[in-house]
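Novice: Predicted coordinates and the sequence they were generated for:
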Amino acid sequence: MQQDKHPDYHAVVFRDRAAGYAFLTRSTATSDRTIEWDDGETYPVVDVEISSESHPFYTGKARTVDSEGRIAQFERRYGGGAGQGSGGGTA
C-alpha cells in the first residue's frame with residue numbers, strides 16, 4: 001500500500017451551538033480550536049450551523065409548504081381535464 005495517500009482521519013467533536021449539542025466522531029476535518037470532552041481528552045472542535053438536533057426535518061418542526069398535490073396543482077395552473085388539448089387521448 002502506498003504511504004501518504006490517505007488524509008489524516010482522527011477524532012473530532014462537532015458542536016451545534018444553536019441546539020447546545022455536540023458529538024464525538026472520526027473525520028478528516030481540522031480545526032485550531034479544541035474542547036475537553038467527557039472522557040477527559042482534548043479534541044479539535046468544529047462548529048456546525050445545523051445538526052440532527054436542530055434540523056426541522058429531524059425535530060418534527062418542519063413546515064409543509066405544498067399542501068396541494070402535484071397533479072392538482074398542474075390542472076389548476078393549466079386548466080387540465082380529461083379530453084382537453086392534444087394529449088392523444090380519446091374524446
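Specialist: Good, I have the coordinates.

Novice: Now tell me which helix or strand of this structure has the poorest mean pLDDT.
Specialist: helix 56-59 (a mean of 59; mean pLDDT, DSSP states H and E).

Novice: Which is the succeeding secondary structure element to it?
Specialist: Later in the chain than helix 56-59, the nearest helix or strand by DSSP states H and E is helix 70-78.

Novice: Format the CA atom coordinates belonging to that following helix as CSV.
Specialist: The C-alpha trace of helix 70-78 is given here as CSV (Å, rounded to 0.1, in the frame of the first residue of the first chain):
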residue,chain,number,x,y,z
ARG,A,70,-48.6,18.0,-8.0
ILE,A,71,-51.3,16.8,-10.4
ALA,A,72,-54.0,19.1,-8.8
GLN,A,73,-51.6,22.0,-9.0
PHE,A,74,-50.8,21.3,-12.7
GLU,A,75,-54.5,21.0,-13.5
ARG,A,76,-55.3,24.2,-11.7
ARG,A,77,-52.5,26.1,-13.4
TYR,A,78,-53.1,24.8,-17.0
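
Novice: what residues are up against Trp37?
Specialist: Trp37 makes contact with Val13, Leu24, Tyr43, according to C-beta atoms under 8 Å, 6 or more residues apart in numbering. Every C-beta, even on glycine, is put in place using the N, C-alpha and C of the backbone.

Novice: Are any of those buried, and if so which?
Specialist: Val13, Tyr43 (16 or more other C-beta atoms under 10 Å).

Novice: Throw the contacts of Trp37 into JSON lines and include pLDDT, distance to Asp4 and secondary structure, thanks.
Specialist: Converted to JSON lines, these look like this (pLDDT from 0 to 100; distance: C-beta to C-beta, whole Å; DSSP: H, G, I helix; E, B strand; the rest coil):
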{"residue": "Val13", "pLDDT": "93", "distance to Asp4": "26", "secondary structure": "strand"}
{"residue": "Leu24", "pLDDT": "92", "distance to Asp4": "26", "secondary structure": "strand"}
{"residue": "Tyr43", "pLDDT": "95", "distance to Asp4": "24", "secondary structure": "strand"}
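
Novice: Closest to Arg77 out of the contacts of Trp37?
Specialist: Val13 (48.8 Å; C-beta to C-beta).

Novice: circling back to that earlier point, any chance of the contacts of Trp37 in CSV, plus distance to Trp37?
Specialist: CSV is the format used below for the contacts of Trp37 (distance: C-beta to C-beta, whole Å):
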residue, distance to Trp37
Val13, 6
Leu24, 6
Tyr43, 6
